[in-house]
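S.K.: sequence plus the predicted model coming up.
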Amino acid sequence: VQLVESGGGLVQPGGSLRLSCAASGFTFSNYGMSWYRQAPGKERELVAQIGTAGGSTNYADSVKGRFTISRDNAKKAVFLQMNSLKPEDTAVYYCHARSQVLGSPLRYWGQGTQVTVSS
């Protein structure tokens, strides 16, 4: 099982980044996907989540209207489009998969990708 994030980097305030997460080793379409982030000295927090078919999404209040989560089940990938970035968005961003099969406890994490918003 692998979740591999990419697309992080350094961006100026107001800029945009698109994170990608490539999944392998499990039945991707059976998993709800999420992006979390963790800033230095802070707890990991949920940023956005998307249902198995992509029709249901949810966002943290701090990113609503700026971030968009999407998925491509054919490509086994989930994305996070981040616009109007702020310095407080600086964090390591993690991809997360949680099985939606009834009774399954399976959950997986990626290794994270650093996003730094600074001038």
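M.R.: Here it is on my side, so go on. Numbering: from 1, shown residues only.
S.K.: check which helix or strand Phe79 maps to.
M.R.: Using DSSP states H and E, Phe79 falls within strand 77-82.
S.K.: show me what contacts Ser56?
M.R.: Contacts of Ser56 were listed using C-beta atoms under 8 Å, 6 or more residues apart in numbering, and they are Ile50. (Glycine included, C-beta is placed from N, CA and C.)
S.K.: look up how far Pro13 lies from it.
M.R.: For Ser56, the distance to Pro13 (C-beta to C-beta, to the nearest Å) stands at 31 Å.
S.K.: list the contacts of the most centrally placed residue in the chain.
M.R.: By C-alpha atoms, centre = their mean, the mean C-alpha position of the chain lies nearest to Trp35, the distance being 2.4 Å. By C-beta under 8 Å, 6+ apart, the contact list for Trp35 reads 19, 21, 46-49, 69, 78, 80, 93-96.
S.K.: so which of the residues you listed comes closest to Asn30?
M.R.: Val78 (13.6 Å; C-beta to C-beta).
S.K.: that closest one touches Gly51, doesn't it?
M.R.: No: using C-beta atoms under 8 Å as the test, Val78 is too far from Gly51 to be in contact (11.2 Å).
S.K.: so these two - more neighbours on which side?
M.R.: Using other C-beta atoms under 10 Å, the more surrounded residue of Val78 and Gly51 is Val78, with 31 against 14.
S.K.: now do the contacts for the more buried one.
M.R.: Ser20, Cys21, Ala23, Met33, Trp35, Ile50, Ile69, Ser70, Arg71, Asp72, Cys95.
S.K.: chain neighbours aside, what residue packs nearest to Ser84?
M.R.: In this structure, Ser84 finds its nearest non-sequential neighbour in Arg66, 4.7 Å apart by C-beta to C-beta, 6 or more residues apart in numbering.
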